[in-house]
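Enquirer: my questions concern the predicted model and sequence given below.
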Amino acid sequence: MEECNLTFQPHPADPHRGSGLRMSDPMEIPSNEAHVSANLKTLNQYSIADINHRLKHYLKFLFVREPFERLVSAYRNKFTLKYNSSFHKRFGTRIVRRYRKNATADALLSGADVQFREFAEYLADPLTARDGPLNEHWQTVYQLCHPCHIHYDLVGKYETLEEDAGFLLRLAGAGDAVRFPAYAKSTRTTDAMAAAFFGNISTAQQAHIYRLYRQDFLLFNYSQPAYLRLE
């Protein structure tokens, strides 16, 4: 998954329970509302008492993905699609300015044509770490969602998303009211696609990025990709 907002489901008898579901088909949610941050409260917006109550009584779940497929997916979505101009401006211009020799004025202004090798260089650069936490779309899951500190009731995987989501809905008592939609797999980032992208960066960059995401590989039982050149 690309970000962690700590999504909770209260027990049916919980006095803090909200008003319930408003629609049974997630595909009915307008795309321009699905990721509006104002519609999702994060844990730090509650009082200490309410935080502790939720951590103790609510159903807590997390979905993870093979770290490098997630990383390449984030790159493809945020840096290769024209509609993500806000990411081009916020991150693309910085990446082009730092890592592209003889960049054109247009590239410096728009940041719309960042190459994966430049993105990899940005991730491997110690200066990036000094800038502050990574963006949630490519931050490590263990730093983003704190699985060593929060007792999640379920950790699902993107690779078995429909099955795990169905189990989660039944666990939450919503299995009869909500269905998880089938999703198109034709454009999703695959292992072969991740291998192709990583094949275009240096051995040193591969090693550095693996070290960066190694904890996610270990915590969520993903094997080291066979395509990496680490020796």
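Expert: Happy to help now that I have it.
Enquirer: what helix or strand is Ala165 on?
Expert: When elements are defined using DSSP states H and E, Ala165 is found to belong to helix 161-171.
Enquirer: for Asp216, same thing?
Expert: Using DSSP H and E, Asp216 falls within helix 203-219.
Enquirer: quickly find the element holding the residue of the chain positioned farthest from its centre.
Expert: Each residue of the chain has a distance to the centre, and by C-alpha atoms, centre = their mean the biggest one is for Asn102: 32.4 Å. Taking DSSP H and E as the definition, one finds Asn102 inside no helix or strand.
Enquirer: who touches it in this structure?
Expert: Taking C-beta atoms under 8 Å, 6 or more residues apart in numbering as the definition of contact, Asn102 has no neighbours. The C-beta positions use only the backbone N, C-alpha and C, and glycine is treated the same way.
Enquirer: return the set of buried residues in the helix holding Asp216.
Expert: The neighbour-count check on helix 203-219 (16 or more other C-beta atoms under 10 Å) flags Gln205, Gln206, His208, Ile209, Tyr210, Leu212, Tyr213, Gln215, Asp216, Phe217, Leu219 as buried.
Enquirer: run a quick neighbour tally on Val178.
Expert: A count of neighbours around Val178, defined by other C-beta atoms under 10 Å, yields 16.
Enquirer: any idea which helix or strand comes after the lengthiest strand in the chain?
Expert: Taking residue count as the measure and DSSP state E as the definition, the longest strand of the chain comes out as strand 59-64. Beyond strand 59-64 in the direction of the C-terminus, DSSP H and E gives the next helix or strand as helix 67-79.
Enquirer: now do that next one, average pLDDT.
Expert: Averaged across helix 67-79, the pLDDT comes to 95.
Enquirer: now do the buried residues in whatever helix or strand comes next after that helix.
Expert: Sequence order places helix 85-87 as the next helix or strand after helix 67-79, per DSSP H and E. For helix 85-87, burial by neighbour count (16+ other C-beta under 10 Å) applies to Phe87.
Enquirer: what's the answer for stretch 72-92, then?
Expert: Residues of stretch 72-92 classed as buried by neighbour count (16+ other C-beta under 10 Å): Val72, Ser73, Ala74, Tyr75, Arg76, Lys78, Phe79, Asn84, Phe87, His88, Phe91, Gly92.
Enquirer: just the CA coordinates of that stretch, formatted as PDB?
Expert: Presented in PDB, the C-alpha positions along stretch 72-92 are these (Å, rounded to 0.1, in the frame of the first residue of the first chain):
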ATOM      1  CA  VAL A  72       8.400   1.200  -8.900                       C
ATOM      2  CA  SER A  73       4.600   1.500  -8.900                       C
ATOM      3  CA  ALA A  74       5.000   4.800  -6.900                       C
ATOM      4  CA  TYR A  75       7.600   6.100  -9.500                       C
ATOM      5  CA  ARG A  76       5.300   5.200 -12.400                       C
ATOM      6  CA  ASN A  77       2.300   6.800 -10.900                       C
ATOM      7  CA  LYS A  78       3.900  10.000  -9.500                       C
ATOM      8  CA  PHE A  79       6.500  10.700 -12.100                       C
ATOM      9  CA  THR A  80       5.300   9.300 -15.500                       C
ATOM     10  CA  LEU A  81       1.700  10.400 -15.600                       C
ATOM     11  CA  LYS A  82       0.900  13.900 -16.700                       C
ATOM     12  CA  TYR A  83      -1.900  14.500 -14.200                       C
ATOM     13  CA  ASN A  84       0.500  14.300 -11.300                       C
ATOM     14  CA  SER A  85       1.900  17.700 -11.900                       C
ATOM     15  CA  SER A  86       1.900  18.500  -8.200                       C
ATOM     16  CA  PHE A  87       4.500  15.700  -7.700                       C
ATOM     17  CA  HIS A  88       6.400  16.900 -10.700                       C
ATOM     18  CA  LYS A  89       6.700  20.300  -9.200                       C
ATOM     19  CA  ARG A  90       7.300  19.200  -5.600                       C
ATOM     20  CA  PHE A  91       9.800  16.400  -6.200                       C
ATOM     21  CA  GLY A  92      10.600  16.200  -9.900                       C
END
